[in-house]
Each structure stands twice: as structure tokens, then as C-alpha cells.
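Enquirer: coordinates only, no sequence provided:
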């Protein structure tokens, strides 16, 4: 996946917009900060999410990271494969490790999210 085509949150979620559905995941930076993942809790299909609000969590041996919805809208699909294959989140956070798909209430909200250079600046500031 072309990482420059994604939009990002300052809390390390990414969004891929295909014109109808938004696919959401967490970034490789978030995965590297959490390290050994042990559990992921995803929102339920049909759940109404609010942008910036918690909608699940990612747990590692050293921390629990809150999963925040990057957009307001309704969950249409979750990546059930992660229950059995959590390693996909570590190995392919921008591919097989996607978390859920949603239909945004207002797709224009994507414009408020970060582009790749702005997101990389967030990561750089957190690394120091």
C-alpha cells in the first residue's frame, strides 16, 4: 500500500479511503511502540463511532493502547482474522493487519486528518 495515500491521526491510526469505505488500522510506529501484542478489541459491526472517541484497544505485554476512531460513522466490517492471527497486526499493519472498515458520516472529515509528512513529524517528536 502506498503510505502517502493514507490519512493519519496523531494517535497513530491510519485510514485508507476508496471513495465509499474507510479501512482503518494502526501504524507501524504504534505497533513498534507496543511491541509484543497479546490482544486486540475491535468495535462491533454496526457500531456508531465518533471521531476521536475510543472504540477498542490493542494490548501488549507492556501496555494497553487505546484505539480511537479517526472518523465518525458506522462500522461495516471487522478483521476477525486477527483473533486467531494477531501477528498479522505486527507483520503487516498496513495490509493484512487492518482493524475495521466503516462508512463515514461525513467523508470530508478525512481532510482534517494528517498527511504522511505531518504524521512522520508527530512520530519524530514522540521518538525524542
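Expert: Thanks, I have the structure now. Quick caveat: nothing in here was measured; it's all calculated off a predicted structure.

Enquirer: which parts of the longest helix along the chain are buried?
Expert: Criterion DSSP state H: the longest helix present in the chain is helix 116-127. Residues 119, 122-123 are the ones in helix 116-127 that count as buried (16 or more other C-beta atoms under 10 Å). C-betas here are computed from N, CA, C, even on glycine.

Enquirer: centre of the chain versus it, how much separation?
Expert: 16 Å (C-alpha atoms, centre = their mean, to the nearest Å).

Enquirer: one more: stretch 75-92?
Expert: Using C-alpha atoms, centre = their mean, the offset of stretch 75-92 from its chain centre is 11 Å.

Enquirer: tell me which residue is most central in the protein.
Expert: residue 25 (2.7 Å; C-alpha atoms, centre = their mean).

Enquirer: rewinding a little: between the buried residues of helix 116-127, which is nearest residue 108?
Expert: residue 119 (19.3 Å; C-beta to C-beta).

Enquirer: count of neighbours near the nearest residue to that closest one once chain neighbours are set aside?
Expert: Spatial nearest neighbour of residue 119, chain neighbours left out: residue 8 (3.7 Å); criterion: C-beta to C-beta, 6 or more residues apart in numbering. Neighbourhood size, residue 8 [other C-beta atoms under 10 Å]: 22.

Enquirer: how about residue 89, nearest residue that isn't a chain neighbour?
Expert: residue 97 (3.9 Å).

Enquirer: isn't that neighbour up against residue 81?
Expert: No. Using C-beta atoms under 8 Å, residue 97 is not in contact with residue 81, being 9.2 Å away.
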